[in-house]
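[1] Just the structure for this:
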Amino acid sequence: MFKIGIIGCGKISQVRHIPEYAGHPDAQLCGYYDLNTKRAEELAARYGGTVYGSYEELLSNKEIDAVSVCVANDDHASITIAALRAGKHVLCEKPMAMSLAQCEAMVQTAKEEGKFLMIGHNQRLAKAHAKARELVKSGLIGDIITFKTNFSHSGPETWSIDPGANVWFFDKKRAIMGAMADLGIHKTDLIQYLTGSRVAEVIAFLGTLDKKYANGEPIGVDDNAICIYHMENGTVGTMTASWTCYGAEDNSTILYGTKGVMKIYSNPAHSIVVELKGGEAISYDIDQIQTNDNQTKSGVIDLFMESLVTNTPPEISGEEALAAMKAVFAAVESSETGKLVKVK
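    Numbers count the residues shown, from 1 in each chain. Next up is the predicted model:
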């Protein structure tokens, strides 16, 4: 049995981390910390465990084996590093951190301490995405030539534990980026997973086109990010992340190969539709993609717990997440300079 601490008791903790730990046979929820003590107390009363007055106090409990870091983006690095130094395995929410240097420090600390660091990139765990990767590797659509991947919804105003037009997601000091950090990092990691290649070069636009604070001023971060990714293997495609999709949420990916086209979560009736060069069409009915309004088990906690139980590094390790973050920071630089940027 692994004893788990929760640092940050907001929406992502309440709908994903905490109930999924509670339902796992090898996890025991033991500690909670949140700036809002009442919120932590309510969760402790429901799931069991102790409320701590600070995250440092929680980390000082030597019985706690691992923690989920579910705080605002600006505290990801500092709390994760402190947890690793305290001898805890860490599952940190995305985006990994506010700068490339912070991301690298997190990875380095995990190595030094001999602890696992996992980042919550759940897109690759969606069943249709896992199946799509399998089909790509089998050569069903040949070599991927181009792609387009999209993650668009109406914004985080109703997702946050404190909903409304002034959510912390809109504050540049706390979030660093907007739609790119919230949604773009997911699809950046996903396209690297699906293609089996990493982003080599980026041309990008990140901007605020529509979102406003309650006082009518534009929000401090991007509400749209549109990127052209040139992969190391020569594949080229677009990645779009948007908070201004005021219709049905779009979480689709299309891969254009030398033998056919694969459409993932783009047809409501089928998880994957493959259209082969000769005219044959194959559909796979696997699952429905999660949306903000339809939350299902993410698979993230199961994967993290499997790592702990088997004592093997998690698939979505700090190193793997770092590769995606490098592309994200390159996209930010491209948008700011108006130039193509090579991923470091």
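
[2] Quickly list the domain ranges of this structure.
    As given by automatic domain parsing, the domain ranges for the chain are 2-122+301-313, 123-298+322-342.

[3] Quick one: distance of the shortest one to the chain centre.
    In other words, domain 2-122+301-313. 15 Å (CA atoms, centre = their mean, to the nearest Å).

[4] Quick check: end-to-end length of that domain?
    Start-to-end span of domain 2-122+301-313 (CA to CA, to the nearest Å) is 16 Å.

[5] what do you get for stretch 63-73?
    Stretch 63-73 has an end-to-end distance of 27 Å (CA to CA).

[6] Quick one: mean pLDDT for it?
    Regarding stretch 63-73, the rounded mean pLDDT is 98.

[7] Would you mark the buried spots in that stretch?
    Applying a neighbour-count criterion of 16 or more other CB atoms under 10 Å, one finds 64, 65, 66, 67, 68, 69, 70, 71, 72, 73 buried in stretch 63-73. In short, each C-beta sits where N, CA and C put it, glycine included.

[8] thinking the fourth one is in contact with residue 56, fair?
    Right, the one you point to is residue 67. No: at 12.0 Å, residue 67 does not count as touching residue 56 under the criterion of CB atoms under 8 Å.

[9] where along the protein do the helices fall?
    Under the criterion DSSP state H, helices of the chain are mapped to 11-12, 18-22, 37-47, 55-59, 76-85, 100-113, 127-138, 172-175, 179, 185-195, 300-310, 318-337.

[10] mean confidence score for the first one?
    Think helix 11-12. 94.

[11] Check stretch 111-126 too.
    Stretch 111-126 comes out at a mean pLDDT of 97.

[12] in that stretch, what counts as buried?
    Within stretch 111-126, judged by 16+ other CB under 10 Å, the buried ones are 113, 115-126.

[13] quick one on the thing from earlier: select from the domains of the chain the stretch with the lowest mean pLDDT.
    For the domains of the chain, the weakest mean pLDDT is recorded on domain 123-298+322-342, namely a mean of 94.

[14] how long is that domain from one end to the other?
    End-to-end distance of domain 123-298+322-342 (CA to CA): 25 Å.

[15] and what of stretch 66-83?
    8 Å.

[16] Can I get stretch 12-20 in PDB? Just the C-alpha atoms.
    C-alpha atoms of stretch 12-20 as PDB (Å, rounded to 0.1, in the frame of the first residue of the first chain):
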ATOM      1  CA  ILE A  12      -8.300  18.600 -11.100                       C
ATOM      2  CA  SER A  13      -7.700  17.000  -7.700                       C
ATOM      3  CA  GLN A  14     -11.400  16.700  -7.000                       C
ATOM      4  CA  VAL A  15     -12.500  15.200 -10.300                       C
ATOM      5  CA  ARG A  16      -9.400  13.200 -11.200                       C
ATOM      6  CA  HIS A  17      -6.600  12.600  -8.700                       C
ATOM      7  CA  ILE A  18      -8.400  12.100  -5.400                       C
ATOM      8  CA  PRO A  19     -11.300   9.800  -6.600                       C
ATOM      9  CA  GLU A  20      -9.000   7.800  -8.800                       C
END
